[in-house]
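In: Pasting the sequence and the predicted coordinates here, then a few questions.
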Amino acid sequence: MGLQFETRRSDSPWVDAVWTCASERVTAMTSVAGVRLGLVFWEQCGRAHADVTGPGTAPVPEGATFTGIELAVGTSLRAVPTAALVDGGVALPDTTRRAFRLDGARWPTPGPDDAESLVERLVRAGILVRDPLVAEVLGGHGPAASGRTVERRFRAATGLTRGGIRQIERARTAAEMLAAGDRAADVAAGLGYFDEPHLARALRRYVGRTAGQLRDGTGGAIGLDVAQRVTS
């Protein structure tokens, strides 16, 4: 066994999902391109760690256990520029099993059941912020601003363009459908890709897998949002 993910959706407007994972005989994981920031807390050999994560390839220490909080699209950290987290992440200092340091203060290290409680505290303290215009557009409402203003604020809040967010989200959905066993032709047609080669290019760019690898579960460990999916 490689990685065993368990994911649950969240009712919090600031959190999309909370996940847990344990690693066995895995030293690296392909983290599928994403549009959300995350907070990840993990332990290995009795030591605790905490990271703010962005998309990219993530090292996965063998024998480690993780709790992750996937923040809602457009949520950002006051103390960490979003652009610095695209294709990367930031390790948080002074982390123990009980607490970690963020934005100059100590906060309780959460488990999967109290992730939303931590996020609510960070929001009240002004450490987690969100641009209301970005949230409005993502909610399907027409913005009372020019296209240039919308793009500028999307980049500031997410580090990505609005079009880039749509492409990444579509590729993630395609990967999840393929991993669940759907045919590539059906996925391409259902998600509006021109054809299977168009789908293949999107998967290569944003997921780092072929359709066949996703369906067969091969190609190594991958951070794909399929609840309780085992990767090896």
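Out: Cool, the structure landed.
In: so how far is residue 167 from residue 69?
Out: Taken as CB to CB, to the nearest Å, the spacing of residue 69 relative to residue 167 amounts to 24 Å. For every residue, glycine as well, the C-beta is placed using N, CA and C.
In: now the helices for the protein?
Out: Across the chain, reading from the start of the chain, the helices by DSSP state H fall at 115-124, 132-138, 147-158, 162-179, 184-190, 196-206, 211-216.
In: ok, residues contacting the third one?
Out: The one in question is helix 147-158. Outside of helix 147-158, the residues that reach it under the criterion CB atoms under 8 Å, 6 or more residues apart in numbering are 35, 73-74, 76, 82-83, 130-131, 133-134, 137, 143, 145, 160-162, 165.
In: at 7 Å what do you get?
Out: Residues external to helix 147-158 that are found in contact with it (CB atoms under 7 Å, 6 or more residues apart in numbering): 35, 73-74, 76, 82, 131, 133-134, 137, 143, 160-162, 165.
In: starting at the chain centroid, how far to it?
Out: When distances are taken as CA atoms, centre = their mean, to the nearest Å, helix 147-158 is centred 20 Å away from the chain's centroid.
In: and it, C-alpha only, in PDB?
Out: The C-alpha trace of helix 147-158 is given here as PDB (Å, rounded to 0.1, in the frame of the first residue of the first chain):
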ATOM      1  CA  GLY A 147     -12.600  42.700 -16.900                       C
ATOM      2  CA  ARG A 148      -9.200  44.100 -16.300                       C
ATOM      3  CA  THR A 149     -10.000  44.700 -12.600                       C
ATOM      4  CA  VAL A 150     -11.500  41.200 -12.200                       C
ATOM      5  CA  GLU A 151      -8.300  39.600 -13.700                       C
ATOM      6  CA  ARG A 152      -6.000  41.700 -11.500                       C
ATOM      7  CA  ARG A 153      -7.900  40.800  -8.300                       C
ATOM      8  CA  PHE A 154      -8.100  37.100  -9.300                       C
ATOM      9  CA  ARG A 155      -4.300  37.100  -9.700                       C
ATOM     10  CA  ALA A 156      -3.800  38.800  -6.400                       C
ATOM     11  CA  ALA A 157      -6.200  36.400  -4.500                       C
ATOM     12  CA  THR A 158      -5.300  33.100  -6.200                       C
END
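In: Helix or strand with the lowest mean pLDDT in the chain?
Out: Of all helical and strand segments in the chain, the minimum by mean pLDDT, DSSP states H and E falls on strand 230-231, at a mean of 33.
In: tell me which residues form a beta bridge with residue 108?
Out: Residue 108 forms beta bridges with residue 99, as assigned by DSSP bridges.
In: Please compare residue 69 and residue 167 by neighbour count and tell me which comes out ahead.
Out: residue 69 (26 against 16; other CB atoms under 10 Å).
In: bridging residues for the more buried one?
Out: Taking DSSP bridges, one obtains residue 18, residue 39 as the residues bridged to residue 69.
In: Tell me how far it lies from residue 119.
Out: 7 Å.
In: Overlap in contacts, those two.
Out: Shared contacts of residue 69 and residue 119 (CB under 7 Å, 6+ apart): residue 15.
In: quick revisit: export the helices of the chain to CSV and append columns for mean pLDDT.
Out: Compiled in CSV, those are given as follows (pLDDT from 0 to 100):
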stretch, mean pLDDT
helix 115-124, 97
helix 132-138, 82
helix 147-158, 85
helix 162-179, 90
helix 184-190, 97
helix 196-206, 93
helix 211-216, 90
